[in-house]
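[1] mind folding the following:
(one chain, ligands or ions: 1)
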Amino acid sequence: MFLGHFATAYAAKRLAPRASLGTLFAAAQLPDLLWPVLIAGGVEKATIAPGDTAFTPLRFDSYPISHSLVTVAAWGAAFGAVHFWRKRRPRDAVVLAALAVGHWVLDFVSHRPDMPLWPGGPKLGLGLWNSVAATVAVELALFAAGLWLALSATRARDRLGRWGFAALAALLVLLYAANVTSPPPPSMEAVAWVGVAGALVLVALAAWIDRHREPSGLRGAAFRP
Ligand SMILES: [Zn+2]
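    Just a heads-up that it's a prediction; the model follows:
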């Protein structure tokens, strides 16, 4: 999943409109931010194996720390706790933890049975990735719904808030299209470093654009300097 994870982050704006879109992106991507680091460190294993599923040339041999349900829930709780410690908004902290768990659920739907419940535990997966057409249809539908929820929960403060928001959404769709149509990557190291660098750039872009938007319910005298 790629767009599906961003979709949940956008949708979460409805539940946590004061949380930065960058923070929501990071929470929804949390397992995929940890995974490249663990792959590069040799702790987790994946192989380039075109045809393993129709959608991705990657075979996820072992990722118990970044992608088991129990550890993902723990990472999400830790992420939410750090956010609460800094911002003191309990609802936002719960939403952030839930986004991380939502990442596991979307991966569980997408992957073949390679998603562990806990490290060493049984592996599950519904295998949406066995069909490229079904994967793209589901992800685009989720993404459209998420964007609509974010747009209904926030409004632009200025032109960057409006056009930057649109450009970021377009960039995500373009990256997805490139990902779907590109040949298999040269090495797992390349996947790891491009993955973590790309995710951090997207988080930073989202955080920057988010500062030019505001919760739509909160506009008015109280928000003016
Ligand atoms: Zn993942």
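[2] where do the strands sit along this protein?
    45-48, 58-62, 115-116, 123-124, 154-156, 213-215 (DSSP state E).
[3] buried deepest among those strands, which one?
    When the strands of the chain are scored by mean count of other CB atoms under 10 Å, the highest mean neighbour count falls to strand 115-116 (a mean of 23). (Each C-beta comes from the backbone N, C-alpha and C, glycine too.)
[4] what average pLDDT does it get?
    Mean pLDDT, strand 115-116: 98.
[5] any idea how far that strand is from the chain center?
    Relative to its chain's centre, strand 115-116 lies at 18 Å (CA atoms, centre = their mean, to the nearest Å).
[6] go on, stretch 61-73?
    With CA atoms, centre = their mean, you get 15 Å for stretch 61-73.
[7] quick one: end-to-end length of it, please.
    21 Å (CA to CA, to the nearest Å).
[8] give me the contacts around that stretch.
    Applying CB atoms under 8 Å, 6 or more residues apart in numbering, the contact partners of stretch 61-73 are 30-32, 34-35, 38, 43-47, 60, 75, 97, 100-101, 103-104, 107, 114-121.
[9] rewinding a little: turn the strands of the chain into a markdown table, columns for distance to the ion.
    Output for these, formatted as a markdown table (distance: least, CB to the ion, whole Å):
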| stretch | distance to the ion |
| --- | --- |
| strand 45-48 | 11 |
| strand 58-62 | 9 |
| strand 115-116 | 9 |
| strand 123-124 | 14 |
| strand 154-156 | 26 |
| strand 213-215 | 27 |
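[10] count of residues packed around L21?
    By other CB atoms under 10 Å, 25 other residues sit near L21.
[11] ok, now L172?
    21.
[12] and the closest residue to it other than its chain neighbours, what does it touch?
    Counting by CB to CB, 6 or more residues apart in numbering, F6 is the residue found nearest to L172 once chain neighbours are left out, at 5.5 Å. F6 makes contacts with F25, A28, F143, G146, L172, as judged by CB under 8 Å, 6+ apart.
[13] how about the residues of the protein that lie near the ion?
    Taking CB under 5 Å from the ion as the contact definition, the chain meets the ion at P31, D32, D107.
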